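S.K.: I'll drop the sequence and a predicted model, then ask my questions.
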Amino acid sequence: MMYMKALWWKFLGVAILIYVVIAGLAWPLKPGIVDVKSSDAIAGKSVEMQVEGYNTNFDQANTRAWLELDDVGYLTAKEVSPIDYNHVKLIFDLPNAFPQGDKIRKLDLVLHSAEDGESILPSALFVNTENAQIGDEGWELQTLEGITAKPGVQFPYRPILNETVRNTFFHIPLWFSMFIMLMISLYYSVRYLLKNDMQFDIRATAIVNVAILFGILGIITGSIWARFTWGTFWTTDVKLNMSTIAMLIYMASIILRSSIQDVDRRAKLSAAYNIFAFVALIPLVFVIPRLTDSLHPGNGGNPALGGEDMENTLRMVFYPAIIGFTLLGLWLATLLIRYETIKDKWLSRKI
Amino acid sequence: MNLGRIFTIIKKDFDIELRQKYAVGGIFLFAITTTYLIYKTFNKVSALEWNILAWIIVLFAGLNAIVKSFLQEKKETYLYYYTMFSAFEVIISKLIYNFFFTLFLAVVVLGTFTVLLGNPIKDFPLFIKVFLLGILGISSVFTFVSSVSSTGNNNATLMSILALPLVLPVVLIMERVTAIAMRLINDTDVDTDLLMLGGIDLLIVGMAILIFPILWKS
């Protein structure tokens, strides 16, 4: 039982990861609007829109539809006729009065039903208001009533991201746990230089090795994600290239280790290089991408994790995933540490 | 710490450089030959290519030059240093010497470039700022890595494997700011780039000074 006590965090890590994989892949996405086909929209005329939904139940639900003009009001659909579970036909009578503004106005589409909850497509319809009067007749000025969320837990639906939003639980936590492990490794490298204890060198190296593995997995998951959202496996995005350089720096440290035979000298040099590499890593991954434009969240003014930027349902899986991957990584590292320690003992006994 | 003692080491390095003319001559020959090769193959070089090629040649010439800064020292010399100077004095003097040596080298390379291929730089004050900061970054990374690989297996290949990834952020910012100085890209926020370059330089120099005394003991 004493042995089991020391193992609890490994079980915790595995349990969390099982939860992450099952919850992250099994929970459905919220219903959303994929695409809208519409005829020309001219103010004062009637417009027919064919809407393609995702995860929707148009044929079973009593769907209501509105067009929203920003800061002005809503327009209720004259006719909502479902075609099948994910197609619906909407007919709107556009008013001949628009408030002062651009010639081409963007309208957002809002769908709601008790079964599917609310789904919104921004800029769903472009209306030519060249010949329209100025005013707001025909628009419902009050806010929408009776809007409810779909019952149960779902991840948010976003155009372009679609189902790949689930990669949030793998790609990002892998990088997070890589950084946590590199920090732990930095701590052991500093302790080695202060104490000259071989055990610290073994720990620092093992953790760096696992961190590199996680970094490579992070690049692979990110690359696959990029293929389905940005269109290519590799882009000129700063953060991508900076992390590749960071990986190269750490891989160089492995080469450095393998090139030196003397154990003490090897330990000392790789500890020194590890500290230096971490210092070089900070501007590479945290400073430079933040100052230039990047497609990544948190850079170039894009939203990231704070406040309203991430839905709470995503957080329910995302934060456990970071802890789970870190614990798994540390477990892998302890295996390496044990292997190296035993090898060390065996080699010294042989001599 | 003693300025006079630091100066003594610098002077010794300089004397050795003057005595071993083949080493320094070889580096300059490398720089000029590559520039001439570029001139003959490209005939006309656009500002963008000028920027990239010039910095790459400075980078590799600097690598060749600094690799020997620690490697050339014999074990006996180290022992002698150890009895005479503190680690701090040695690393500071090496950093200063290598900075000026790389600076001189870079001036020669860019001078050859200007003569053969013209000079597309429009904003000279900005270019001089990024030039000094960038050379400081390159030379101090190479000095640190040279000290690491000299305590290792005296392996020059090891040096380039370790040094090139580490020096990449400095070179990337340098190329960016140089492009701004050539008016290739517009950026009103160029001071942030310079600040960042200075920050990276400070970090590198600081780490080199902190870590060298520990390596030195072996």
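M.R.: Yes, it's here.

S.K.: with chain B as the reference, measure out to the residue lying closest to A:Pro156 once chain neighbours are set aside.
M.R.: Nearest residue to A:Pro156 in three dimensions, chain neighbours excluded: A:Glu311, at 4.7 Å (C-beta to C-beta, 6 or more residues apart in numbering or on different chains). No exception for glycine: its C-beta is placed from N, CA and C like everyone else's. Going from A:Glu311 to chain B by C-beta to the nearest C-beta, to the nearest Å gives 33 Å.

S.K.: same check, this time on A:Thr326
M.R.: Separation of A:Thr326 from chain B (C-beta to the nearest C-beta) stands at 25 Å.

S.K.: which residue comes closest to that residue once chain neighbours are left out?
M.R.: Distances taken as C-beta to C-beta, 6+ apart put A:Ser177 closest to A:Thr326, at 4.0 Å, once the chain neighbours are dropped.

S.K.: regarding that neighbour, what is its secondary structure?
M.R.: Classification of A:Ser177 by DSSP: H, G, I helix; E, B strand; the rest coil places it in helix.

S.K.: right, and it touches A:Ala333 too?
M.R.: No - the pair A:Ser177 / A:Ala333 is not scored as a contact, 11.2 Å apart, by C-beta atoms under 8 Å.

S.K.: chain center to the host helix or strand of B:Leu133: distance?
M.R.: Per DSSP states H and E: B:Leu133 is located in helix B:124-151. Its chain's C-alpha centre and that of helix B:124-151 lie 4 Å apart, by C-alpha atoms, centre = their mean, to the nearest Å.

S.K.: how about stretch B:43-60?
M.R.: 16 Å.

S.K.: check whether it contacts chain A.
M.R.: No - using C-beta under 8 Å from any C-beta of the partner chain, stretch B:43-60 stays clear of chain A, coming no nearer than 14.5 Å.

S.K.: show me what that stretch is in contact with.
M.R.: Around stretch B:43-60, the neighbours that count as contacts under C-beta atoms under 8 Å, 6 or more residues apart in numbering or on different chains are B:30-31, B:34-35, B:38-39, B:42, B:102, B:105-106, B:109-110, B:113, B:117-118, B:120, B:134-135, B:138, B:167, B:171, B:174-175, B:178-179, B:182, B:184.

S.K.: helices of the stretch 251-351 of chain A, start to end?
M.R.: Secondary structure of the stretch 251-351 of chain A (DSSP state H, counting those that start in this stretch): helices at A:263-282, A:288-291, A:312-350.

S.K.: can you add distance to A:Gly135 and give those helices back as JSON lines?
M.R.: Below are the helices of the stretch 251-351 of chain A laid out as JSON lines (distance: least, C-beta to C-beta, whole Å):
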{"stretch": "helix A:263-282", "distance to A:Gly135": "57"}
{"stretch": "helix A:288-291", "distance to A:Gly135": "46"}
{"stretch": "helix A:312-350", "distance to A:Gly135": "41"}
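
S.K.: any idea which of the ones you listed scores lowest on pLDDT?
M.R.: Least confidently modelled of the helices of the stretch 251-351 of chain A is helix A:288-291, at a mean of 65 by mean pLDDT.

S.K.: tell me the secondary structure at the closest residue to chain A within chain B.
M.R.: Of all residues in chain B, B:Pro165 sits closest to chain A, at 4.1 Å by C-beta to the nearest C-beta. B:Pro165 falls in the helix class when you classify it by three-state DSSP.

S.K.: SS state for A:Thr232?
M.R.: coil.

S.K.: that one: how many residues sit nearby?
M.R.: Neighbourhood size, A:Thr232 [other C-beta atoms under 10 Å in any protein chain shown]: 9.

S.K.: surely it touches A:Trp225?
M.R.: No - counting by C-beta under 8 Å, A:Thr232 sits too far from A:Trp225 to count as a contact (11.3 Å).

S.K.: sorry, back to before: which residues does the residue nearest to A:Thr326 contact?
M.R.: A:214, A:322, A:325-326, A:328-329.

S.K.: packing partners of the biggest helix by length in chain B?
M.R.: The helix spanning the most residues in chain B, taking DSSP state H as the definition, is helix B:87-117. With contacts defined as 3 or more C-beta pairs under 8 Å, 6 or more residues apart in numbering or on different chains; DSSP states H and E, helix B:87-117 has these neighbours: helix B:3-19, helix B:21-42, helix B:47-71, helix B:124-151, helix B:190-216.

S.K.: next, the contact list for B:Gly198, please.
M.R.: Per C-beta under 8 Å, 6+ apart, neighbours of B:Gly198: B:Leu133.

S.K.: count the neighbours of the closest residue to B:Pro120 other than its chain neighbours for me.
M.R.: With sequence-adjacent residues excluded and distances taken as C-beta to C-beta, 6+ apart, B:Pro120 is closest to B:Ala47, at 3.8 Å. B:Ala47 has 17 neighbouring residues, counting by other C-beta under 10 Å.

S.K.: again, but for A:Leu284
M.R.: 25.

S.K.: leaving out the residues flanking it, which one is nearest to it?
M.R.: Nearest non-adjacent residue to A:Leu284 (C-beta to C-beta, 6+ apart): A:Met242, at 4.6 Å.

S.K.: quick check: that neighbour touching A:Ile282?
M.R.: No - contact criterion C-beta under 8 Å: A:Met242 and A:Ile282 do not qualify, at 11.0 Å.

S.K.: which of the two has more neighbours?
M.R.: Shown here are A:Met242 and A:Ile282; by other C-beta under 10 Å, A:Met242 has more neighbours (23 against 14).

S.K.: so for that one, what pLDDT did the model give?
M.R.: 79.

S.K.: by mean pLDDT, flag the weakest helix or strand of chain A.
M.R.: In chain A, the helix or strand scored least confidently by mean pLDDT, DSSP states H and E is helix A:288-291, which has a mean of 65.
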